[in-house]
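Colleague: Generate coordinates for the sequence data below:
(chains A and B)
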Amino acid sequence: MKDRVFDLLAGYGVKLDPHPELFDLLAGAGAEVDRKSGMVRFPRQVMKDLLAVAPVSFKLGARNHEKGLTLPRPDGTFYGRSAGGCFGWIEPETGKYEKVTTEKLAGWARLINHMDEVNLLSMLFCNDAPAKTADVYSLAVLLKHTDKSIWVQPYSTGSLEYLIALAEAAAGGEELAANPVVSMIVCSLTPRTFKTMDLEAIIRSAKAGIPIQACSLPGAGGTSPATLPGTVLLATAEILAMAAMAQAVKPGTAVVACPIIFSTDMRTGRSLQSSVESMRAASMAVQFIKKAFDLPTHNYGSGTDSPIVDEQSAAERAILTTWMAASGLDILGGAGQLEVVTTASPLQLIIDNEVLAMARRMITPARLDDDQLGWEVITGTSPGQHFITSPHTLMHCRDAFMPRNFIRLSREAWERQGGKDLLERTLEQYRTIMAEDNPFLLNESISKELDAIVEAADRNLVK
Amino acid sequence: MAVQEIYQSVLAFSIDKIVDLVKKELKSGTQVAAILKEGLIAPLDEVGRRFSRGELFLPEMLAAAQTMKAGVEVIRPLLTGAEMKPAGIVVIGTVKGDLHDVGKDLVAMMLEGAGFKVINLGIDVDYDRFLDASTANKADIIALSALLTTTMPAMKTAVSKLKEAGIVGKIIVGGAPVNQSFADEIGAHGYSDDAPGAVVLARKLLGIRTSL
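Modeller: Now for the predicted structure:
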């Protein structure tokens, strides 16, 4: 497959919208550029040379330095990311479907501040913002209400400068290259096409020192081959093309590989994120890219194709999280996500936070030293005795993961405590969090800078 | 009887047989109109029904539509003015800012298969292009597609501008993030969640009787 990826990029190439600056940079790096057709081919050695300067480890910054994400995660596990791109919302208090607004997004960020396993935030689509600056509004809200890392989805070429300006302002005078408080989503238009907005996003991000999240989002059987390895091959080639473009702009630009693969429901044409096929292809792509190209990876590691928080959602996201965590994925995205990628649920997010914690425990490498093997306590305990009073047990009795909302009660004990189900218990936690002040708010003077940038975007982009 | 063979060939996606079957049928003296309606259009309606029941999958539906189209090409030179008259004229495109065309092309193909004349404007289409094309072609239906949540506002803008401009045709919408409530909210005349449904919707809006 690795050979075929190189063969595809060298022999057939990718098609770029006209972009003289990028064409010059790519030609300078040794790529074969046909400026008339926009076709760019990467000879094998050229691609290898460009990939060789992409860092294998780097940091996604955050407003709070301590909340930055070192990739790959030093403990060998993963980071979690919240749902992204959703325009729908399940209101926790009523369970009703509503639309995401800037106010709801602010609350969403406040909630995520309390979710230890959700380290990276996505933008949601704010329906109450002007359509042409909705991305600018969304990023401004997140930067104001969380000090965690954010990945940014630009909606238009025009908004790029405002998105970067917001990040620069939120970084508080620090260079983004030193602390990139955001990372930038750039996408292929599968198959093998790249549009102006994404090319511009690559160039501007690389120049500004913003890490690039190179996303290929093929739909198996629709925009990519129906066979999963073929879809993985195509997604990988597109991601490598973006990685190579970023290196041509600025060697050493951090790139996260995001093979976000959907399967196509052949009965309806709907794109699916939690089908067996999409999960299988996603894990295949993650393992392939990490092994063959040594790039950090990011994909869905939670989420469901169900439109509601139900048993299907629970089953699909449990499989997805476990499966993707075991595949070696570096960032598991989609916490709180329903109905493929269209609806966000705060209560589901809280549940996912615990599931992510469990999955992280699950894949934490085991040590096999004498302490972990319990050698002394085994040999020091006579046959037939127990371990509950041993110092070894006392020392390790708090090792186990203790969930907050998952219960291990007898029926009678559960009834005595009010007989609340998981969603009711989660709602209580939600209420507790939302009743507190947000200690992670951006300071007022920088917030005003952000407001000024949003106003400028409105003036120039909204007509 | 042989028209039935053509019908069955469309249902079986036998694109390699359809041309010969239609030619043979013409030679035997069967009316062109009968071949068209009973042999070629009727099976595509059945394909739509089977797809809606989940019995046929998308690629199979497309293969049937392509088979039907190959058969129509054989008789096209022989069609009279009345027979050539389309069921309706449809202007279709993916709205401004959205570059996805798979679903939209699927709808276009199914509408063509059902006898509509389709003017496919492609992707990233601004409302003024929809307006110009629908005016120039006297479109009965203007079909807007969007795949991205971020381009749904462009759909809303297009619907409102088209209505403001006083277009006569009916506006229908579809695409992954679109639903009936969004269609109602933006003032579209109709919504379908799949391609055969778009055919049913178009027929319904134009008062054409349908067996679907």
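Colleague: can you map out the strands along the stretch 1-150 of chain A?
Modeller: In the stretch 1-150 of chain A, the segments counted as strands under DSSP state E, counting those that start in this stretch are A:14-16, A:32-34, A:39-41, A:58-60, A:69-71, A:79-82, A:88-90, A:97-99, A:118-122, A:149-152.
Colleague: Name the stretch among those strands that sits most buried.
Modeller: For the strands of the stretch 1-150 of chain A, the largest average neighbour count (mean count of other CB atoms under 10 Å in any protein chain shown) is found in strand A:79-82, namely a mean of 29. Every C-beta, even on glycine, is put in place using the N, C-alpha and C of the backbone.
Colleague: Report all helices and strands that that one contacts.
Modeller: strand A:118-122, strand A:331-335, helix A:346-363 (3 or more CB pairs under 8 Å, 6 or more residues apart in numbering or on different chains; DSSP states H and E).
Colleague: Tell me, how many residues neighbour B:Asp184?
Modeller: As a burial measure, B:Asp184 scores 11 neighbours (other CB atoms under 10 Å in any protein chain shown).
Colleague: any chance of the strands of the stretch 1-150 of chain A in CSV, with distance to B:Val125 too?
Modeller: As requested, the strands of the stretch 1-150 of chain A are exported to CSV (distance: least, CB to CB, whole Å):
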stretch, distance to B:Val125
strand A:14-16, 20
strand A:32-34, 27
strand A:39-41, 25
strand A:58-60, 37
strand A:69-71, 40
strand A:79-82, 33
strand A:88-90, 25
strand A:97-99, 25
strand A:118-122, 28
strand A:149-152, 27
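Colleague: Would you pull up the residue in chain A closest to chain B?
Modeller: As assessed by CB to the nearest CB, chain B sits closest to A:Ala131 within chain A, at 3.2 Å.
Colleague: just to revisit the earlier point, distance to A:Thr364 and mean pLDDT for the strands of the stretch 1-150 of chain A - can I get that in TSV?
Modeller: Below are the strands of the stretch 1-150 of chain A laid out as TSV (distance: least, CB to CB, whole Å; pLDDT from 0 to 100):
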stretch	distance to A:Thr364	mean pLDDT
strand A:14-16	39	98
strand A:32-34	46	98
strand A:39-41	42	98
strand A:58-60	21	98
strand A:69-71	16	98
strand A:79-82	14	98
strand A:88-90	32	96
strand A:97-99	37	95
strand A:118-122	16	98
strand A:149-152	22	98
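Colleague: sorry, back to before: mind telling me what element the closest residue in space to the residue of chain A closest to chain B that isn't next to it in sequence is part of?
Modeller: Nearest residue to A:Ala131, sequence neighbours excluded (CB to CB, 6 or more residues apart in numbering or on different chains): B:Pro153, at 3.2 Å. Taking DSSP states H and E as the definition, B:Pro153 sits inside helix B:152-164.
Colleague: Restricting to C-alpha, output that helix in PDB.
Modeller: This file holds the C-alpha atoms of helix B:152-164, laid out as PDB (Å, rounded to 0.1, in the frame of the first residue of the first chain):
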ATOM      1  CA  MET B 152     -27.100  25.700   4.400                       C
ATOM      2  CA  PRO B 153     -27.300  29.500   4.900                       C
ATOM      3  CA  ALA B 154     -26.500  29.800   1.200                       C
ATOM      4  CA  MET B 155     -29.500  27.600   0.500                       C
ATOM      5  CA  LYS B 156     -31.600  29.900   2.600                       C
ATOM      6  CA  THR B 157     -30.300  33.000   0.700                       C
ATOM      7  CA  ALA B 158     -30.900  31.300  -2.600                       C
ATOM      8  CA  VAL B 159     -34.500  30.400  -1.800                       C
ATOM      9  CA  SER B 160     -35.300  33.900  -0.500                       C
ATOM     10  CA  LYS B 161     -33.600  35.700  -3.400                       C
ATOM     11  CA  LEU B 162     -35.300  33.400  -6.000                       C
ATOM     12  CA  LYS B 163     -38.700  34.100  -4.400                       C
ATOM     13  CA  GLU B 164     -38.000  37.800  -4.200                       C
END
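Colleague: Can you list the strands that the next helix or strand after that helix pairs with?
Modeller: Using DSSP H and E, the next helix or strand after helix B:152-164 towards the C-terminus is strand B:170-174. Strands that pair with strand B:170-174, judged by DSSP bridges, come out as strand B:141-145 (parallel), strand B:190-191 (parallel).
Colleague: any idea which of these is most buried?
Modeller: Highest mean neighbour count of those: strand B:141-145, a mean of 29 (counted as mean count of other CB under 10 Å).
Colleague: Averaged pLDDT, it. What do you get?
Modeller: Per-residue pLDDT over strand B:141-145 has a mean of 95.
Colleague: Tell me the residues on the stretch 1-150 of chain A that lie near chain B, please.
Modeller: Neighbours of chain B within the stretch 1-150 of chain A, by CB under 8 Å from any CB of the partner chain: A:85-87, A:125, A:131, A:134-135.
Colleague: Which of the residues you listed sits closest to A:Gly328?
Modeller: For the residues of the stretch 1-150 of chain A next to chain B, the closest approach to A:Gly328 (CB to CB) belongs to A:Gly85, at 24.6 Å.
Colleague: okay, the closest one: pLDDT?
Modeller: 88.
Colleague: Just the buried residues of the biggest helix by length in chain B, please?
Modeller: Ranked by residue count and defined by DSSP state H, the top helix of chain B is helix B:58-75. Buried residues in helix B:58-75, counted by 16 or more other CB atoms under 10 Å in any protein chain shown: B:58, B:60-72, B:74-75.
Colleague: filter these down to the ones near chain A?
Modeller: Counting by CB under 8 Å from any CB, B:Leu58 from the buried residues of helix B:58-75 sit close to chain A.
Colleague: so what pLDDT did the closest residue to chain A within chain B get?
Modeller: Here chain B gets closest to chain A at one residue, B:Pro153, 3.2 Å apart by CB to the nearest CB. On the pLDDT scale, B:Pro153 is placed at 85.
Colleague: My read is that it contacts A:Asp128, right?
Modeller: No - if you go by CB atoms under 8 Å, B:Pro153 and A:Asp128 don't touch, sitting 11.4 Å apart.
Colleague: higher neighbour count, those two?
Modeller: A direct count of neighbours by other CB under 10 Å for B:Pro153 and A:Asp128 places B:Pro153 higher, at 22 against 13.
Colleague: Give the burial count for the closest residue to B:Leu144 other than its chain neighbours, as a bare number.
Modeller: Counting by CB to CB, 6+ apart, the nearest residue to B:Leu144 once its immediate chain neighbours are dropped is B:Val173, at 4.9 Å. By other CB under 10 Å, 28 other residues sit near B:Val173.
Colleague: just the helices in chain B please.
Modeller: For chain B, applying DSSP H gives helices covering B:2-11, B:15-27, B:32-34, B:42-52, B:58-75, B:81-84, B:102-113, B:127-136, B:152-164, B:180-186, B:195-205.
Colleague: follow-up on the earlier one: which elements pack onto the longest helix of chain B?
Modeller: helix B:2-11, helix B:15-27, helix B:42-52, helix B:102-113.
Colleague: Next, the buried residues of the third one.
Modeller: In terms of neighbour count (16+ other CB under 10 Å), helix B:42-52 has its buried residues at B:42-48, B:50-52.
Colleague: Next: the shortest one.
Modeller: For helix B:2-11, the neighbour count (16+ other CB under 10 Å) marks B:3, B:5-7, B:9-11 as buried.
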